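# After the sequence you'll find the predicted model.
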Amino acid sequence: MIKLFRVDSRLIHGQIVEGWLKAYPIDEILVIDDDIYNSEFETRVMRFSVPQEVSFEVLTIGMASERWRTFEASAKKILVIVQSIEILKKLFDTGVNLPGINMGLVNYTDSKTALTKSVYIDETEKDILLYLLEKGVKIFIQTLPSDEKIPLEKLMEGDGLWKGTGHKTCPQPQEPSPTI
Amino acid sequence: MTKIIIAAHGNIAEHLLNAVKNLTGEIENIQAINFRTHQSLDDLKNSLDTAVLVRPGEDVFILTDFLGGSPCNCACRLLPGKNMWVVSGVNLPMLLELITKRDKIPPAQLCSEIIKAGRESIVDVKAKFVSRINTKRAEQ
């Protein structure tokens, strides 16, 4: 069964290893990403960051779509991770029956609007999310298991504008540069 | 000279470097890379890629906060490079050991010694304190 389906720009990282894997009994992690699938090196680096007792596989969008029913029917508790809203849309378009979507981390860039302090979206991503919501896909924003699960539609005004949670830009824009 | 890079979540790297500078004074060839919540993996990769550009033959030690975190994962990507060492679980004693012993012993030995220094600094202080007092009493 698919226990959790997450969008996370960082894919497998501290929040997954220390947060989600400790809160949920997960047997297997599936990363759906054509680029990583095509790089043996990136796959190997990523495998290294997954705890040994958890099985791990990288799939292309096509492969994931083909095998989706077996994942749903599997006795294993599966965590699916994709790194972007764009991949989410591509999966949906291949006919994958998307379960509730956990939006964990979506990268900040200058042109994006903050939905929460971890999720930033641009116009294209906003259109995709509106499209998926309209198609009945349930989407929640929740970075860590201990965070409140916020339904995405709650962050929208009645006229379809995004309310966000008050962060108009990056929450720490005034801080010093990342390297010293 | 062996380059030291500290790469960690939040502002840990920057603050650890500041703390160690307070103990030792200015330090050469050392760099802190912060990785904050809103930053992308590409930001982190770029910072690391730039930081590891050293003169041929120079060693690089990357100290990261924990195994499985993004700073550590990104540092792993650089491991096929020559003269590259990555250690997770950085703490102040480990960093001090590295600053003191770099270029004085071979890098493989340096790597195991800083890990030892980091581990040995983790102590049940209460137990140690109590046992010392008890020893002192027994002597009297």
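Yep, that arrived. Numbers count the residues shown, from 1 in each chain, chains lettered A, B, ... in the order given.
# What ranges in chain B fall below the confidence cut-off?
Within chain B, no range satisfies pLDDT under 70.
# actually chain A, not the one I wrote
In chain A (pLDDT under 70), the answer is A:157-180.
# can you map out the helices along chain B?
Listed in chain order, the helices found in chain B under DSSP state H are B:12-24, B:41-51, B:70-76, B:92-101, B:107-120, B:125-139.
# Please identify the deepest-packed of these.
Most buried of these by mean neighbour count (mean count of other CB atoms under 10 Å in any protein chain shown) is helix B:70-76; its value is a mean of 26. (C-beta placed from N, C-alpha, C; glycine too.)
# by contact count, what packs against that one?
Packing partners of helix B:70-76 (3 or more CB pairs under 8 Å, 6 or more residues apart in numbering or on different chains; DSSP states H and E): helix A:40-49, strand B:3-9, strand B:30-35, helix B:41-51, strand B:60-64, strand B:84-88.
# sec struct for A:Pro145, please.
Under the three-state scheme (DSSP: H, G, I helix; E, B strand; the rest coil), A:Pro145 adopts coil.
# I figured it was touching A:Ala23, is that so?
Yes. Counting by CB atoms under 8 Å, A:Pro145 does reach A:Ala23; the two are 3.8 Å apart.
# Show me which of these two is the more surrounded one.
Each of A:Pro145 and A:Ala23 has its neighbours counted (other CB atoms under 10 Å in any protein chain shown); A:Pro145 has more, 15 against 12.
# so who does that one touch?
A:Pro145 sits next to A:19-20, A:23-24 when contact means CB atoms under 8 Å, 6 or more residues apart in numbering or on different chains.
# tell me the phi and psi of it?
Here is the backbone geometry of A:Pro145 (degrees, to the nearest 10): phi -50, psi -30.
# distance of B:Val86 from A:Val45?
Remark: distance between B:Val86 and A:Val45 (CB to CB, to the nearest Å) = 11 Å.
# Could you do B:Lys101 as well?
29 Å.
# mind listing what residue 108 touches?
Since no chain was named, I'll use chain A. A:Tyr108 makes contacts with A:114, A:120, A:170, B:38-40, as judged by CB under 8 Å, 6+ apart.
# can you put these in JSON lines and add neighbour count?
Formatted as JSON lines, the contacts of A:Tyr108 follow (neighbours: other CB atoms under 10 Å in any protein chain shown):
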{"residue": "A:Ala114", "neighbour count": "21"}
{"residue": "A:Tyr120", "neighbour count": "25"}
{"residue": "A:Cys170", "neighbour count": "19"}
{"residue": "B:His38", "neighbour count": "21"}
{"residue": "B:Gln39", "neighbour count": "19"}
{"residue": "B:Ser40", "neighbour count": "19"}
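# so which of the residues you listed comes closest to B:Glu139?
Among those, B:Gln39 lies closest to B:Glu139 (CB to CB), at 55.5 Å.
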